[in-house]
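> what's the 3D shape of this:
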Amino acid sequence: MTAYRIGRIDYPWRNFRPPIRGGTFRAFDVESEKAPISKEEDVLGDVKVTVEHVEEVDEKADLRKEQSGNTCRRRVSDPESSFAMGSELLRVPSSTLSNTSVKSRDDHIQDAMDAEVEKCLAKYPSPDADTQSGITAKYYALHQKVHAEGYYKCNYMNYVRELARYSTIFGLFLFTLNKEWYFTSAVFLACFWQQIMFTAHDAGHRGITGKFITDTMIGIFIADFCCGLSIGWWKSSHNVHHLVTN
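Model (predicted):
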């Protein structure tokens, strides 16, 4: 995708309200939009973060917590019924709500959505910009620590041990198959297929050599040839898993 990159963002990203929801846009002015960058900054990927920034955000979050008692957003007490959806607070006039004991289908749906939103707002951090930027800064600091301690470097000796284990299981499958112990051989073959896909998983994440083509070829050999599972399909479905976990 680097061939299609038109620029970099070195300040926190702000989500746009899409035009279909009434968002308005204007020509981009570099001078007026450029955010000030703190001194003594560290460049982490495409985002610049400083330790001072992390501490400043933490102080702001603690101050808000002391003032409000909780950093999570709460529903506003109002004669009108309301429920949060995304970053918006939707209000429904009380006159439209049924006062009868029998609720309509729409009322049940709204009550269920309202309860789930309340549960999420109480459980997860507030989506306001200050809280989210603090979380982002902490993740980049963690990334820097993990990178500095070398945890992103692959330990190939582990794969040597894995290859020996896979070969042993596959050898037991061939041995028991030759002895016509079909059920036992099937168990060993199933173990081989299940275990070797861990390496295909690493290759699919480009976590073995770090090179797209090399790791893709490893994944094709293991998943497609050895196990009969398309690594291309796996990548497509697994990416969705990482976008919306589980």
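> Lys103: which element?
Lys103 is part of no helix or strand, with elements assigned from DSSP states H and E.
> and for it, the neighbour number?
13 (other Cβ atoms under 10 Å). For every residue, glycine as well, the C-beta is placed using N, CA and C.
> check contacts around it.
Asp111 (Cβ atoms under 8 Å, 6 or more residues apart in numbering).
> kindly state the pLDDT recorded for it?
Note for Lys103: predicted pLDDT of 81.
> distance of it relative to Val240?
Distance, Lys103 to Val240, by Cβ to Cβ, to the nearest Å: 35 Å.
> same question, Leu174
From Leu174 to Val240 the distance is 37 Å (Cβ to Cβ).
> who has more neighbours out of the two?
More crowded of Leu174 and Val240, by other Cβ under 10 Å: Leu174, with 12 against 9.
> give the contact list for that one.
By Cβ under 8 Å, 6+ apart, the neighbours of Leu174 are Ser185.
> would you mark the buried spots in stretch 122-132?
Neighbour-count burial for stretch 122-132, counted by 16 or more other Cβ atoms under 10 Å, picks out 126, 131.
> could you pull out the strands in this structure for me?
Remark: strands assigned in the chain by DSSP state E are 42-44, 47-49, 81-85, 88-92.
> low-confidence ranges in the chain?
12, 25-101, 246 (pLDDT under 70).
> rerun at 90
1-107, 117-118, 120-134, 136, 150-155, 207, 210, 226-227, 229, 236-246 (pLDDT under 90).
> okay, domains of it per the record?
9-66+129-148, 72-123, 156-243 (automatic domain parsing).
> from start to finish, how long is the first one in a straight line?
The stretch domain 9-66+129-148 measures 23 Å between its terminal residues, going by Cα to Cα, to the nearest Å.
> ok, stretch 120-132 next?
15 Å.
> cool, stretch 214-226 as well?
Termini of stretch 214-226 sit 17 Å apart (Cα to Cα).
> could you do stretch 207-225 as well?
OK, stretch 207-225 end separation, Cα to Cα: 20 Å.
> going forward, begin numbering at 298 instead of 1
Done: numbering now begins at 298, and the last item shifts to stretch 504-522.
> ok, residues contacting it?
Under Cβ under 8 Å, 6+ apart, the answer for stretch 504-522 is 451, 456, 493-494, 496-497, 499-501, 503, 526-528, 531.
> now the buried members of these.
Of the contacts of stretch 504-522, these count as buried by 16+ other Cβ under 10 Å: 493-494, 496-497, 499-501, 503, 528, 531.
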